[in-house]
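Q: Mind looking at a prediction? Sequence and model below.
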Amino acid sequence: MKHHLAALFALCSALSMAAETPAPPPLELGILTPKPGSAPRLNGPTIHGARPGNPFLYRIACQGLRPVQFSADGLPSSLQLDPGTGIITGTTPQTGTYRVTLHAKNASGEASRLFRIVAGETLALTPPMGWNHWYTHYDRITDKLMREAAEVMISSGMADVGYQYVNIDDCWMNAPANKDPLRVGPLRDAQGNMVPNKHFPDMRALTGFIHGKGLKAGLYTSPGRLTCGGFAGSYGHERQDAELYAGWGFDFLKYDWCSYDSIAENGDPKAPEVPHWGKGGAKLPVHKYPYQLMGGILKQQKRDIIFNLCQYGKGNVWEWGAEVGGHSWRTAGDLGFELNRITEVALKNAGYRAWSKPGSWNDPDYIQIGQIGNANGMGQPEPCPISPNEQYSYMSLWSLMAAPLIFSGDMGKLDEFTINILCNPEVIDINQDALGQCGCVVVLNEKTYLMVKDLEDGGKAVGLFNRCEVPAEMTVAWSVLGLTGPMQVRDVWRQKDLGSANSSYPAVVPRHGVVMLRLSKGDGGKGQ
Ligand code: GLA
């Protein structure tokens, strides 16, 4: 075995162009993200889209010792900032770009950051960030667990780096039959309104609780008669449901194809003008129809609602997801736990990079780390089987691809390592970069590749990924990235400047791991 590993290392090393061999990293990495300091550090997106005349809610993402005193220059007069909590509320002003400077001050120091509010029709100008209950609580989700998740989003520091959406997935409604009698009941009331099950006694109060923390609330339904979990779907009640959800105060809707399959096979009587219905023959207009319908209705609500298409990539959804009002779309089926699969899904997802732009995001599924239940059997949460190095690769890929960062592990059992992966603000800055570019894959060989992303400040982020079982020496050459001249190099996981390099940078990349760099001509792009 030892010889085998040595041979592999030699193979990986031979691929390198580095003159000197840097010291090999430990086989598995520990915590790399430095703990936040006590002085304020403003994080999160530098740009935020909202629709004129709709309710506005935004909690400023800021690390540092509390109490923090927040203030803002240039805030439109229809918005108010709570100086103690950093929560901005009010009504989105008329169409335009408002350049606001946010300030945060505490006993240890102060920080400022530019924040552009773009009042217009485009929402999700940066990839949505938040948490979804599915891979932890499955059909065990309750109002209480959702509230706890919102509380932890604040107490863990996740909200301080930009996590915002607290999203309910399937199983909040009634089902015709279920092992839990509290989830069985009428699917709709006498007026045709969808009825939440007994674990969700008051949806309005739940969103109120989440909004009170400056966070946003998400919900799930299906265009079919039933959801994937066998609960009430929205078929034939699309407008009524959208209005109900908006009235409850939801800010995000995941729309999961599921049982719409059987409608697609037989033809949707609601849409006789749509051609190509039929078994196995569902074509583009059929794939689009239910999303077009709901997307149009959501736009008519007096509320900003992010529309998350979940139909596993049918009909090349990335090509038309934005056109039907979607802000993100799953590009594949449900993601498993294996790194090979994660890499495969990521590389495919990156292949659709042309369609990734502010307001329109390719979604390769959730961040499944920490304590998480195996989808197979909808298990109770246990430690995820993805190794530490693989978790760094996972989060780096999602950040470089500008993928929605939706964590789906157990918020009640967050450990230090998981927070280190989820909450590195420099990694998140790359994900949230206002240019909205999805990284481009440069395959170096069978076992190593780069992912390169242009950044708004003119710099680039680059991940050096190693699929070997042993560390690999890799070199990133500026010429491959289309760069010339000296570049400032910063290791974003370690938040450490590595100095200036003229034409390339060599690194030893741990097995199944990554080294993620930010390259810039100027100050290293730290932006603080
Ligand atoms: C599908 C989706 C998952 C989840 C479940 C819920 O499998 O892809 O993300 O929403 O349905 O039943």
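A: That came through, no problem.

Q: Give me the phi and psi angles of the residue in the stretch 201-350 of the chain that the ligand sits nearest to.
A: Closest contact between the stretch 201-350 of the chain and the ligand, by C-beta to the nearest ligand atom, is at Cys228 (3.3 Å). Glycine gets a C-beta too; all of them are placed from N, C-alpha and C. Backbone torsions for Cys228, taken as degrees, to the nearest 10, come to phi -60, psi -30.

Q: wait, what's in contact with it?
A: Contact partners of Cys228, counting by C-beta atoms under 8 Å, 6 or more residues apart in numbering, are Asp170, Ser222, Asp256, Cys258, Ser259.

Q: Near Leu79, how many residues? Count them for me, please.
A: 20 (other C-beta atoms under 10 Å).

Q: didn't it look like it was pressed against Ile87?
A: No - Leu79 is beyond contact range of Ile87, at 10.6 Å (criterion: C-beta atoms under 8 Å).

Q: any idea which helix or strand carries the nearest residue to Gly412 once chain neighbours are set aside?
A: In this structure, Gly412 finds its nearest non-sequential neighbour in Glu148, 6.1 Å apart by C-beta to C-beta, 6 or more residues apart in numbering. Glu148 is part of helix 143-155 when elements are defined by DSSP states H and E.

Q: same thing with Asn349?
A: Assigned by DSSP H and E, Asn349 falls in helix 339-350.

Q: That helix and the ligand, are they touching?
A: No - using C-beta under 6 Å from any ligand atom, helix 339-350 stays clear of the ligand, coming no nearer than 12.6 Å.

Q: What residues does the stretch 401-528 of the chain have near the ligand?
A: Applying C-beta under 6 Å from any ligand atom, one finds that the stretch 401-528 of the chain does not approach the ligand at all.

Q: can you pull out the strands in the stretch 401-528 of the chain?
A: Using DSSP state E, counting those that start in this stretch, the strands of the stretch 401-528 of the chain run over residues 405-407, 440-443, 448-454, 460-466, 472-477, 487-491, 496-501, 504-509, 514-520.

Q: of all these, which lies closest to Gly208?
A: strand 405-407 (22.2 Å; C-beta to C-beta).

Q: Quick check: buried residues in that closest one?
A: Neighbour-count burial for strand 405-407 flags Leu405, Ile406, Phe407 (criterion: 16 or more other C-beta atoms under 10 Å).

Q: where's the top helix by length along the chain relative to the chain centroid, distance-wise?
A: Secondary structure of the chain per DSSP state H: the longest helix is helix 284-299. Chain-centre distance of helix 284-299: 23 Å, with C-alpha atoms, centre = their mean, to the nearest Å.

Q: Give the residue spans of this structure that score low on pLDDT.
A: For the chain, the stretches flagged by pLDDT under 70 are 1-25, 280-281, 339, 522-528.

Q: Which residues of it lie near the ligand?
A: So the chain meets the ligand at Trp134, Asp169, Asp170, Thr227, Cys228, Gly229, Asp256, Cys310, Asp334 (C-beta under 6 Å from any ligand atom).

Q: Where does the stretch 351-500 of the chain get nearest to the ligand, which residue?
A: Asp365 (6.9 Å).

Q: and that residue, what helix or strand is that in?
A: Per DSSP H and E, there is no helix or strand for Asp365.

Q: Any chance of the backbone angles for the residue lying closest to it once chain neighbours are set aside?
A: Leaving out its chain neighbours, the residue that sits closest to Asp365 by C-beta to C-beta, 6+ apart is Leu335, at 3.8 Å. Main-chain dihedrals, Leu335, degrees, to the nearest 10: phi -80, psi 140.

Q: thought Leu335 was touching Ile342?
A: Yes - at 6.6 Å, Leu335 counts as touching Ile342 under the criterion of C-beta under 8 Å.

Q: Now do the buried residues in the helix holding Glu148.
A: Asp143, Leu145, Met146, Arg147, Ala149, Ala150, Glu151, Val152, Met153, Ile154.

Q: can you check stretch 441-457 too?
A: Those would be Val441, Leu444, Lys447, Thr448, Tyr449, Leu450, Met451, Val452, Lys453, Asp454, Leu455, Asp457, for stretch 441-457 by 16+ other C-beta under 10 Å.

Q: circling back: give me the next element, helix or strand, following the helix holding Asn349.
A: strand 361-363.

Q: which other residues reach that next one?
A: Outside strand 361-363, the residues touching it (C-beta under 8 Å, 6+ apart) are 124, 127-128, 308, 318, 327-331, 349, 352-353, 355-356, 401-404, 436, 438.

Q: Mind listing the strands it pairs with, and their directions?
A: Sheet pairing here is set by DSSP bridges, and for strand 361-363 it gives strand 328-330 (parallel).

Q: contacts for the strand it pairs with?
A: Contacts for strand 328-330 (C-beta under 8 Å, 6+ apart): 124, 127-128, 306, 308-313, 317-318, 321, 360-365, 404.

Q: Kindly report the same for stretch 335-352.
A: Residues outside stretch 335-352 that contact it (C-beta under 8 Å, 6+ apart): 318, 331-332, 362, 364-366, 368, 374-375, 384-387, 390, 393-394, 397-398, 401, 403, 438-441, 449, 451, 465, 467, 512.

Q: Any of those residues buried? List them.
A: 318, 331-332, 362, 364-366, 368, 374-375, 384, 386-387, 390, 393-394, 397-398, 401, 403, 438-441, 449, 451, 465, 467, 512.

Q: Same list, the strands of the stretch 401-528 of the chain, but as CSV with distance to Pro40 please.
A: Shown next, in CSV, are these (distance: least, C-beta to C-beta, whole Å):
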stretch, distance to Pro40
strand 405-407, 22
strand 440-443, 35
strand 448-454, 27
strand 460-466, 24
strand 472-477, 33
strand 487-491, 21
strand 496-501, 21
strand 504-509, 31
strand 514-520, 21
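
Q: Val195 is nearest to which of those?
A: Once those are compared by C-beta to C-beta, strand 405-407 is nearest, at 26.6 Å.
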